[in-house]
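K.L.:
Dropping the sequence and predicted coords here.
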Amino acid sequence: MIKVKVVTKKKLLVSIISMAFLYLSNISCRPLRPQQDPSENDSLELGKNQQSKGRSRRGVWITSVNSNVYDSRENIRTHLQKLKALGFNTIYPVVSNKGMTIYPSKISALKLGISIDPRYRGRNVLRELTEEAAQVGLIVIPWLESGLKVPFSVTRRVEGKPVTQNYPIANQAKTRGWLLTLANGAHKKDDYINNASWGFLDPTNPEVVNYFQELVIEIISQRGVAGIMLDDHFSIDPEFEAGKKYKNDALQWCKEVSCKGSDSEKIERYSVEKIISLVSAISKTVHSGAEGGRQWKALILAPGGGQNFTRNGSRQDWHEIARRGLVDEIIIQTYRYSLASFLQEIAKMELRRVRQSYQRPVGVAILAGIGNNNDPKKSVSGNLLYQQVRAARKAGYDISFFYSDSLFRPALAQQESMEERQCWIESLFKDNAPCKNLKNKPEPPELPRENSESETDPALDTGFHEIEPDQTNFDTSPILDNRLEQEPPENPKVDSSAAGT
């Protein structure tokens, strides 16, 4: 009996060892998921259910114009700390403007002959931004500012004298054959209001599309970058549709797909479709990494106004872009100098349609001021900012501001003091404003009823549904980010004297 027991124990031990070996072998043979950048493990949720789950975007643009934020890493650190203290959770720092990047770019050097904005040589401002943002828990979504609009020259007054700055991007693009032309064959248009000359990159040129794809890959591959933002400049001036080649290509395209309407309507349709195709190409680039198991990157579009305004004025049909599922979020530039006009804009049906029918988060961008915010006709008071925020939140929209420096600049033309300005901006995201100087706080204003006549259904007036679009289905499964759920600090302390001037 004893011998039998010993044999049984040995067999049992051998069986256990064999099973363990097989299990471990099976584990070792499984394919490993690609390693994620540890700094991006808590990256942004931009799925379809963001707003329905109660998450709130509180974003702000950071510019390189009329701002000293990028002048040093210390300026960046101080500025981001103040934005976090105010309750912001996302920043949109300009990463490329007028063809020049804020970091050493191999793509820009190869394609446009300039690797970095000369002001930032010897630095990587994008890396400084992402590293400092990580320290305070801010999401970084870089902003491609100029889009298809490229400057030949811009004239500004410096100490009372006009100084003209020429930009290499336009001539480089012209040499490569990337620019559209006017009816007279010219590649540039004079902008007398802004004392500038502009051209437009051709969205139908495969090299232009490839340039943006490669630039986007270069940006989103950098550590700490959660996505990319496109704005209203991913569009063209309709005057540049009159070039002979572009016009012929447009009419030929419409002949192939059986467009209806006059020649001008067909050309418009062609332009709108090609802008959408460019956004689609960028969208596939941005989201391609997620298919391989890497960190999801977000694509945000910030149109310059309502659908009819942007489609007719610059050929950017953001409704159709949203309908095709090409972007993860829409932030409408709702820049107004009065509360009444702001309320009318956010009450339009088109905003709700994108959120409800196309299942895309929608936010509104509020203008905090332009320049030094001291123009009597175009200054924005802290009181107005506060009321716009409350109205937008009541309507269920996320909030973003253009731009960060102007938040801290009082509306001097309206006799607003620095103390009053600081008081208001500290209260932007508070239901119960902590500032003791705020008296008789306005209640959230009543929103106008939706005007179904002012905004027609895009499915009825664009004609896009006559042509089957590219089927682009992206996985919008959420990546949780508790930074969108965190409430702003109860008592933010902001030293406005350290803000950009």
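P.N.:
Perfect, thanks for sending it.
K.L.:
Which pLDDT value goes with residue 281?
P.N.:
With respect to pLDDT, residue 281 has a value of 97.
K.L.:
Skipping its backbone neighbours, what lies nearest it in space?
P.N.:
residue 209 (5.1 Å; Cβ to Cβ, 6 or more residues apart in numbering). All C-beta spots, glycine's among them, are computed from the backbone N, C-alpha and C.
K.L.:
any chance you could map the helices in the stretch 151-300 of the chain?
P.N.:
Here the stretch 151-300 of the chain has its helices, by DSSP state H, counting those that start in this stretch, at 168-176, 206-220, 244-257, 263-291.
K.L.:
Out of those, flag the one nearest residue 317.
P.N.:
helix 263-291 (5.0 Å; Cβ to Cβ).
K.L.:
Counting by contacts, list what the closest one packs against.
P.N.:
helix 206-220, strand 227-231, helix 244-257, strand 298-302, helix 318-323 (3 or more Cβ pairs under 8 Å, 6 or more residues apart in numbering; DSSP states H and E).
K.L.:
from the chain's centre, how far out does the second one sit?
P.N.:
Shown here is strand 227-231, whose average C-alpha point lies 3 Å from the average C-alpha point of the whole chain (Cα atoms, centre = their mean, to the nearest Å).
K.L.:
Residues in contact with that strand: which ones?
P.N.:
44, 46, 92, 141-145, 147, 216, 219-220, 279, 282, 286, 297-304, 327-328, 333 (Cβ atoms under 8 Å, 6 or more residues apart in numbering).
K.L.:
Tell me the strands beside it, with direction?
P.N.:
strand 143-144 (parallel), strand 298-302 (parallel) (DSSP bridges).
K.L.:
could you point out which element follows the longest one?
P.N.:
Okay, so that is strand 298-302. helix 307-314 (DSSP states H and E).
K.L.:
for the record, mean pLDDT for that following helix?
P.N.:
So the average pLDDT for helix 307-314 ends up being 92.
K.L.:
got the CA coordinates for that helix in CSV?
P.N.:
Coordinates of the C-alpha atoms in helix 307-314 are reproduced here as CSV (Å, rounded to 0.1, in the frame of the first residue of the first chain):
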residue,chain,number,x,y,z
GLN,A,307,-22.6,75.5,-41.8
ASN,A,308,-23.8,77.9,-44.5
PHE,A,309,-21.2,80.5,-43.6
THR,A,310,-18.3,78.2,-43.8
ARG,A,311,-19.5,76.2,-46.8
ASN,A,312,-20.4,79.3,-48.9
GLY,A,313,-17.4,81.4,-47.7
SER,A,314,-14.6,79.0,-47.6
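K.L.:
Show me what counts as buried in that helix.
P.N.:
307, 308, 310, 311, 314 (16 or more other Cβ atoms under 10 Å).
K.L.:
From the chain's centroid, how far away is that helix?
P.N.:
For helix 307-314, the distance to the chain centre is 18 Å (Cα atoms, centre = their mean).
K.L.:
Run through the neighbouring helices and strands of it.
P.N.:
By 3+ Cβ pairs under 8 Å, 6+ apart, helix 307-314 packs against helix 318-323.
K.L.:
The same query, at a cut-off of 10 Å, please.
P.N.:
On a contact count with 3 or more Cβ pairs under 10 Å, 6 or more residues apart in numbering; DSSP states H and E, helix 307-314 meets helix 263-291, helix 318-323, strand 329-333, helix 349-356, helix 458-461.
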